[in-house]
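Student: structural data only, the sequence is not supplied:
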């Protein structure tokens, strides 16, 4: 018996590994735009999930940013139904009025819709079709904006968000492999014109910056960038655990001990202050490096300065050797 094409087999193996350990009869949903990456992922999940005793469905997001996007989304959902991905759901989102540029607004709206839909259907997980190429692009974008290790760690293969696991089985596969998998299965991917629009930073990295690096340094640069993300993710996870322990030790009188924070290594202190700001109710999207730097200045460069204004109208100040929230 002739087996599946190597790229098809590789996508199935990647999905099987990612779904291992999920309870029987759980529902997993695939986020599918109709592009090669997510289409190959959806087809692999449709094959693998029932053989593992799991139920599998599909979500496709209509951002409403292109003419005919509703028809395309409906076609993706109809395809999902045809391969027994049930439910196959179209979710329309409104990206207007969200902070950041159009890329950030669309991404935030998409993730909100994916998580809300998963919870509404009691789904265990949402599978995302990001590949090694996407990971390399994300590392370059993070490097360009001066991100630290956490930003350059890029996309994890698993992230749990309030009871829903976001899974990325294809991070070790290339975009070219997913295209070959689709071709081997007779699937026709949709090419998103936004991926070629130079007004988007990621599109410029995809079309120009990363190919230029490959030309200059060789094809291994994509894998090397992705490996850098994995290594930084491991380091960031270890530092986050240590910082959480130090943050707990620093808590005193509804605030943080300045003396204990000052004694910390800078990497641990910055993480502890970042986590503290989040615990106060700051939006993760709005909390930036400059906010954390200003909090650090209250600890290491104190000269009587006033309160630091954090996202959400929160003010933090140094009072009698303690960092605390102030209201007056």
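Tutor: That came through, no problem. It should be emphasised that the depicted structure is a prediction, and the values quoted were computed from it without experimental measurement.
Student: going forward, measure contacts and count neighbours with C-alpha atoms only.
Tutor: Will do.
Student: and this protein, what are its domains?
Tutor: 6-217, 253-325 (automatic domain parsing).
Student: using CSV, lay out those together with mean pLDDT, mean neighbour count and distance to residue 233.
Tutor: Converted to CSV, these look like this (pLDDT from 0 to 100; neighbours: other C-alpha atoms under 10 Å; distance: least, C-alpha to C-alpha, whole Å):
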stretch, mean pLDDT, mean neighbour count, distance to residue 233
domain 6-217, 91, 18, 5
domain 253-325, 94, 17, 14
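Student: which SSE is immediately downstream of the longest helix seen in the chain?
Tutor: Secondary structure of the chain per DSSP state H: the longest helix is helix 220-250. Toward the C-terminus, helix 220-250 is succeeded by strand 251-252 as the next helix or strand (DSSP states H and E).
Student: sheet partners, orientation included, of that next one?
Tutor: Taking DSSP bridges as the criterion, strand 251-252 forms sheet pairs with strand 255-257 (antiparallel).
Student: hmm, who's touching the helix or strand following the strand it pairs with?
Tutor: Of the helices and strands lying after strand 255-257 in sequence (DSSP H and E), the nearest is helix 258-262. With contact meaning C-alpha atoms under 8 Å, 6 or more residues apart in numbering, helix 258-262 is reached by 250, 269, 299-300, 318, 321-323.
Student: centre of the chain versus helix 258-262, how much separation?
Tutor: Offset of helix 258-262 from its chain centre (C-alpha atoms, centre = their mean, to the nearest Å): 33 Å.
Student: re the thing from before, what helices and strands are in contact with the longest helix of the chain?
Tutor: helix 132-144, helix 149-152, helix 210-217, strand 255-257, helix 258-262, helix 266-279 (3 or more C-alpha pairs under 8 Å, 6 or more residues apart in numbering; DSSP states H and E).
Student: and it, what's buried?
Tutor: 221-223, 225-230, 232-233, 236, 239-240, 243-244, 246-247, 250 (16 or more other C-alpha atoms under 10 Å).
Student: now it: mean pLDDT?
Tutor: Helix 220-250 shows a mean pLDDT of 95.
Student: for that helix, the distance to its chain's centre please.
Tutor: Relative to the chain's own centre, helix 220-250 is displaced by 15 Å; criterion: C-alpha atoms, centre = their mean.
Student: helix, strand or coil: sort out the residue nearest to the spatial centre of the chain for me.
Tutor: The centre of the chain sits closest to residue 155, judged by C-alpha atoms, centre = their mean, with a distance of 4.9 Å. Judged by DSSP: H, G, I helix; E, B strand; the rest coil, the three-state class of residue 155 is coil.
Student: wait, it sits on residue 135?
Tutor: Yes. In terms of C-alpha atoms under 8 Å, residue 155 counts as a neighbour of residue 135; the distance is 6.5 Å.
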